[in-house]
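Colleague: A structural model of the following input is requested.
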Amino acid sequence: MAELADDTVLMVFGDHGMTRSGDHGGDSTDEVSSALFVYSPRPMVSSTALAGNEGNTHGSYKTVSQVDLVPTLSMLLGFPIPFNNLGQVITDLFGQRVYGQEGSTRNLDSPVRTLSDDDTIVALLENAKQVDEYLRTYSATSSDLPSAELQKLTEYLRDVQSKLLLSSSPSSRNTHEDRQYFVAALQSYLSDAQALCRQVWAKFDVPVMLFGIVQLVGCALLAFLSALYVGVQRSGIAIQLSRVRFAAVFIPTAILVSSAYGSLRGLNAVSVVSSLVLAASVASIGVLLPCLGTLSSCVRTERLSFHRLPELCAGVFLIGHFLAFMSNSFVVQEDSLLLVFGQMLLVATWLAGRHHADSSSSTSVRSTSEHSMTVPSGWCLIASLVLCRIPVIFRGCREEQSWCQPSSFLLHSSTTFGHIGFGPAMLRLVSSCCIVLAVPVVMSVIGMQKQQQKHYPVFTLQIALLFAAAAFVCLHFCLQSLPLRILDTLYAWQHVVLPRMAYGLTGVVVLHVWARSDLSSAKTLTQGIHSIIVAVWMVLTMLLGDGLVYASCTMLMALLSTSQLLSITTSDRPWAKAAVWAGLSGQFFFATGHQCDLPSIRFDAAFVGLHGDQQGFIAAGALVIGNMFASQVLFTLAIPLTSRRLCGGSSPVKQESMESQDADVGHERQVAASDELGVVTNETDSVIFYYVFYHNVTLIGAAVAATVLRRHLMVWKIFAPRLLYMAVSAELACITGLVVFLMLPHSLPSSTSKKSLHGAARNKLL
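Modeller: Purely as a prediction, here's the structure:
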């Protein structure tokens, strides 16, 4: 400090404090307070002010706000105060003079003749003018600030300015009390203006926040009870749902909640819809409560065993995920931690499935079915673990991850050639196009081996449409790789024709599968789901861009390998399937270059198939959401593939009927196929409801964290964005799950199958 020049001011301060235990970021006094040290070789305050601080302890020093540093530094440097500043200058850093005495020198302890020469008053007056200008400009564009209180503040400042103007005349004799009055008046104006803005901008409606959490809890409980209900139905036990009971609970609950909410916040569209949603959840829960007694009677004899390890691990995984949202470190490192815990859950699932297969088989002779089950499950586990690790190189970086280097695969296509060179960029473009074109070809080779001859024309048509869509996607990638100066010269239709052709062809495939009436067996259902997944994958890959084709392809392969693993090892445990599936969808959210912060949103996806300014934001918003949550959409659509009957082939009864030409056996074949499809549907429904339940619970965790930590230093940087991402993810899980639910043919098993299922369903409900 001895080497500092006379015109230098040294400031040392922290952005936050810390408790004695080392915690920071909360709203306690120790966490929101930090030291401020100011040093200047030239004296900045009068000797009187310095004498007032001699012998002070830490608690007696003056407290200033961090926002006060902005106008203070601006005035000391001679710069204009920033337009949107709401802080006030620190008066201790400006000269304090003694009034009522004559003097010829202009040092800090010398008197001045008029108040207009006082540095402190000049700084405060400039600060007040800047705040007044900002408030008037803001109120002209927004109605947030109360007009009456804002008018009082404006009139108060005008009155102080007029009095200061009269006191600054050469004939006026100003005393020290006059100076104190104007300093206090200007400080009062700045404090009142800051309090007015804080009252409007920094308020939290805690009752509404708690009401939203209650709604989420109701939705989560409804999803859980629905999954249990499907499990009871799968066991062959009939439960009648009472519509009268639903109405008896729904109507008074809706009236009560609407009245209570309206009395607190007033009746409006949001309050009415929120009340109806909560009432529907409560009524549905009331209707489903009789399932609990039946469920308890079915699972009472079930003992804790190694076979239930995936369920236990899934429960621990969900609880840990719920509680971890309270930690800002977890949210920052969620991409890495979710990968580790998700892979641990996969290993536990495989170990439990293998142990169950070993314990159920004979100790002397292993059956062929058991051998064929355990061997591919190990390969599926290895493939899933490796495929989950590969996309690490495609991840994006948060601002808080200072050690992270963003991947070059996230760059826009037109800038790739200049960033990594022509050769590597061309190789990446060609290989991306080859991957996109290869997916429908590989699907056709695999699908033809499993299709019956009568389904060849339909399947061939779907493959041809998907291959044409892949060609348009590749052409779009090539077009976007052109330099920006060339892209700017193209017509609007040239920008949108290729993506829209891909949208149209994939849409035709999805609608064709949906409208088919022959989804009456596991094979045709599997083929239809594969076609839909490839069609949706094609669109999502186009939204992600050519740089993330590798990550998207890895996601598709991980989806297929993990679905095969789950169909083998957890065929009777839908809760474990749902937890693994939800964890994988979260992992590949990060593996496709996204992070849970606002700067990571890739708004360029809004112009894939759209050009220029849009009249509305629905289409553009849907494209951006598709880019961000591609993994959630794809994994939810693929939930039916986790059923063993879709991956493990036909049942023995079905094989026998295929070899026989007898009419009675043919009828038995139709019954067996119908029963098999009904079991597949029930298994898928259970996984869907548990999957939605998992997302709702994690959404509740994010909402609770944002509510409890609403005064946290990083609430708008970490916790609020994570809540927004979690809310959209849970909403997409519900919507896409509903689409899958409606797509599947729902039919109850025959009476013969009910008898056979009833005895074995007691250990399959969860």
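Colleague: what is the neighbour count of the nearest residue to Val739 once chain neighbours are set aside?
Modeller: Spatial nearest neighbour of Val739, excluding adjacent residues (C-beta to C-beta, 6 or more residues apart in numbering): Leu637 at 7.4 Å. All C-beta atoms are positioned from the backbone trio N, CA, C, and that covers glycine. Leu637 has 22 neighbours, counted by other C-beta atoms under 10 Å.
Colleague: i'd like the first residue to be 19 from this point on
Modeller: With the count now opening at 19, the last piece we talked about shows up as Leu655.
Colleague: Leu655 reaches Leu756, doesn't it?
Modeller: No - Leu655 is beyond contact range of Leu756, at 11.5 Å (criterion: C-beta atoms under 8 Å).
Colleague: what sits against the residue nearest to Val757?
Modeller: By C-beta atoms under 8 Å, 6 or more residues apart in numbering, the contact set of Leu655 is Ile547, Ile550, Ile551, Val554, Thr754, Val757, Val758.
Colleague: repeat for Ser426
Modeller: Thr434, His437, Ile438, Gly565 are the contacts of Ser426 under C-beta under 8 Å, 6+ apart.
Colleague: in ChimeraX, select just the buried ones from those residues.
Modeller: Only the buried entries of these go into this ChimeraX selection, using 16 or more other C-beta atoms under 10 Å:
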select :434,565
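Colleague: tabulate the contacts of Ser426 in CSV, adding columns for distance to Arg407 and secondary structure.
Modeller: Listed next are the contacts of Ser426 as CSV, based on distance: C-beta to C-beta, whole Å; DSSP: H, G, I helix; E, B strand; the rest coil:
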residue, distance to Arg407, secondary structure
Thr434, 25, helix
His437, 26, helix
Ile438, 23, helix
Gly565, 19, helix
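Colleague: and of the contacts of Ser426, the nearest to Lys80?
Modeller: Distance to Lys80 across the contacts of Ser426 (C-beta to C-beta) is lowest for His437, with 51.5 Å.
Colleague: what subset of the contacts of Leu655 is buried?
Modeller: Buried members of those, counted by 16+ other C-beta under 10 Å: Ile547, Ile550, Ile551, Val554, Thr754, Val758.
Colleague: any idea which of those residues is the one closest to Ile706?
Modeller: Using C-beta to C-beta, the shortest approach to Ile706 within the buried ones among the contacts of Leu655 belongs to Val758, at 6.2 Å.
Colleague: report the buried residues of the helix or strand where the closest one lies.
Modeller: Element membership for Val758, per DSSP states H and E: helix 738-761. If you call a residue buried by 16+ other C-beta under 10 Å, then helix 738-761 has these buried ones: 738-741, 743-745, 747-748, 750-752, 754-755, 758, 761.
Colleague: which other helices and strands does it contact?
Modeller: Packing partners of helix 738-761 (3 or more C-beta pairs under 8 Å, 6 or more residues apart in numbering; DSSP states H and E): helix 592-609, helix 636-646, helix 648-655, helix 681-726.
Colleague: outside of it, which residues touch it?
Modeller: Applying C-beta under 8 Å, 6+ apart, the contact partners of helix 738-761 are 343, 349, 532, 550, 600, 603-604, 607, 614-616, 643, 646-647, 650-651, 654-655, 657-658, 702-703, 706-707, 709-710, 713-714, 716-717, 720-721, 723-724.
Colleague: mind giving me the PyMOL select for the residues you listed, buried ones only?
Modeller: Buried residues within the contacts of helix 738-761, by 16+ other C-beta under 10 Å, are selected in PyMOL with:
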select buried, resi 343+349+550+600+603+604+607+614+615+643+646+647+650+651+654+655+657+658+702+703+706+707+709+710+713+714+716+717+720+721+723+724
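Colleague: wait, Ala724 touches Lys735, no?
Modeller: No - using C-beta under 8 Å, Ala724 makes no contact with Lys735, being 11.9 Å away.
Colleague: of all the helices and strands packed on helix 738-761, which one is nearest Arg518?
Modeller: It's helix 636-646; of those, that one is closest to Arg518 (C-beta to C-beta) at 11.2 Å.
Colleague: buried residues in that closest one, which are they?
Modeller: Buried residues in helix 636-646, counted by 16+ other C-beta under 10 Å: Ala638, Leu641, Val642, Ile643, Gly644, Asn645, Met646.
Colleague: can you give me the mean pLDDT across the helix holding Val758?
Modeller: Averaged over helix 738-761, pLDDT sits at 91.
Colleague: now stretch 637-651
Modeller: 93.
Colleague: same for the one helix or strand Glu144 maps to, what does it pack against?
Modeller: Using DSSP H and E, Glu144 falls within helix 137-159. When contacts are defined as 3+ C-beta pairs under 8 Å, 6+ apart, helix 137-159 sits against helix 87-95, helix 165-185, helix 194-219.
Colleague: next, format those helices as JSON lines and append mean neighbour count.
Modeller: Converted to JSON lines, the helices and strands packed on helix 137-159 look like this (neighbours: other C-beta atoms under 10 Å):
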{"stretch": "helix 87-95", "mean neighbour count": "19"}
{"stretch": "helix 165-185", "mean neighbour count": "14"}
{"stretch": "helix 194-219", "mean neighbour count": "16"}
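Colleague: Phe55 - that's part of a strand, no?
Modeller: Yes - counting by DSSP: H, G, I helix; E, B strand; the rest coil, Phe55 is found in a strand.
Colleague: distance of the nearest residue to it once chain neighbours are set aside from Met19?
Modeller: Nearest residue to Phe55 in three dimensions, chain neighbours excluded: Val30, at 4.3 Å (C-beta to C-beta, 6+ apart). Distance, Val30 to Met19, using C-beta to C-beta, to the nearest Å: 10 Å.
Colleague: off-centre distance for stretch 728-735?
Modeller: How far stretch 728-735 lies from its chain's middle: 16 Å, per C-alpha atoms, centre = their mean, to the nearest Å.
Colleague: what's the span of that stretch, first residue to last?
Modeller: With C-alpha to C-alpha, to the nearest Å as the measure, stretch 728-735 spans 11 Å from end to end.
Colleague: next: stretch 40-52.
Modeller: Start to finish, the residues bounding stretch 40-52 are 14 Å apart (C-alpha to C-alpha).
Colleague: what sits up against that stretch?
Modeller: Contacts of stretch 40-52 (C-beta under 8 Å, 6+ apart): 31-38, 81, 346, 727, 729-732.
Colleague: filter these down to the buried ones, ChimeraX style.
Modeller: Selection command for ChimeraX covering only the buried members of those, criterion 16+ other C-beta under 10 Å:
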select :35,346,727,730,731,732
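Colleague: hmm, which two among the contacts of stretch 40-52 are most spread apart?
Modeller: Top of the distance list for the contacts of stretch 40-52 (C-beta to C-beta): Thr81 and Asn346, 25.8 Å.
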